[in-house]
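Trainee: Generate coordinates for the sequence data below:
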Amino acid sequence: MADAIADYTRAIELDSNYAKAYLNRGVVRAAEGDRAGAIADYSRAIELDPNYASPYYNTACAYARMADSGQACQWLDKAISLDSNTARAPAPSPPSTASATRLLPGSHCQPTTRLEPPPLLPPTL
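Mentor: Okay, here's the model as predicted:
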């Protein structure tokens with residue numbers, strides 16, 4: 001995965017306004033367990049393209065993995081407000097017992113809700 005981070009970093013060096021490169025580097029960082037680095041990359045992608053729903057969704061995933069339901073819900077609601085299909089990632093297989101408390105939009109997603117971290121959206125170009 002270090003090669004992937006290096007490749008996305010190089011893409012960013014070539015075009016520092018390429019939001020998808022930040023998103024994709026964030027996905028790789030999240031897969032490596034670097035949630036802070038992933039959130040920083042997602043944040044930069046959002047700065048570059050505030051209407052791009054995927055970094056909001058992946059930020060929600062990162063916060064869910066850190067057991068911060070309040071932040072996860074806020075980011076998820078923003079992702080859904082931009083693209084209602086973004087948060088419709090497939091359920092993990094096999095479904096866990098917490099599937100009823102996956103990231104859910106709107107009134108279902110409360111700061112006290114126990115969230116099951118959904119899968120990240122995969123890198124895209």
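Trainee: Verify the contact between residue 43 and residue 58 for me.
Mentor: No - with contact defined as Cβ atoms under 8 Å, residue 43 does not count as touching residue 58 (10.6 Å). Heads up, the C-betas are built off the backbone N, CA and C, glycines and all.
Trainee: Looking at these two, which one has more neighbours?
Mentor: Between residue 43 and residue 58, counted using other Cβ atoms under 10 Å, the more crowded position is residue 58 (25 against 14).
Trainee: Ramachandran angles for that one?
Mentor: Dihedral angles of residue 58 (phi, psi; degrees, to the nearest 10) stand at phi -70, psi -30.
Trainee: May I ask you to confirm that it is in contact with residue 26?
Mentor: Yes - if you go by Cβ under 8 Å, residue 58 and residue 26 touch, sitting 6.2 Å apart.
Trainee: Please enumerate the shared neighbours of the two.
Mentor: Residues touching both residue 58 and residue 26 (Cβ atoms under 8 Å, 6 or more residues apart in numbering) are 38, 42.
Trainee: so where's this structure shaky on pLDDT?
Mentor: Scanning the chain for pLDDT under 70 picks out 86-125.
Trainee: so where do the helices sit in it?
Mentor: Secondary structure of the chain (DSSP state H): helices at 2-14, 19-31, 35-48, 53-65, 69-82.
Trainee: Looking at those helices, which one is packed in the most?
Mentor: Per-stretch averages of neighbours, counted by mean count of other Cβ atoms under 10 Å, single out helix 53-65 among the helices of the chain, with a mean of 25.
Trainee: and that helix, what other elements does it pack with?
Mentor: Under the contact criterion of 3 or more Cβ pairs under 8 Å, 6 or more residues apart in numbering; DSSP states H and E, helix 53-65 touches helix 19-31, helix 35-48, helix 69-82.
Trainee: what does the shortest one rub up against?
Mentor: Which is helix 19-31. Taking Cβ under 8 Å, 6+ apart as the rule, helix 19-31 contacts 1, 4-5, 8-9, 11-12, 15, 35, 37-42, 44-46, 48-49, 52, 54-55, 58, 61-62, 65, 120-125.
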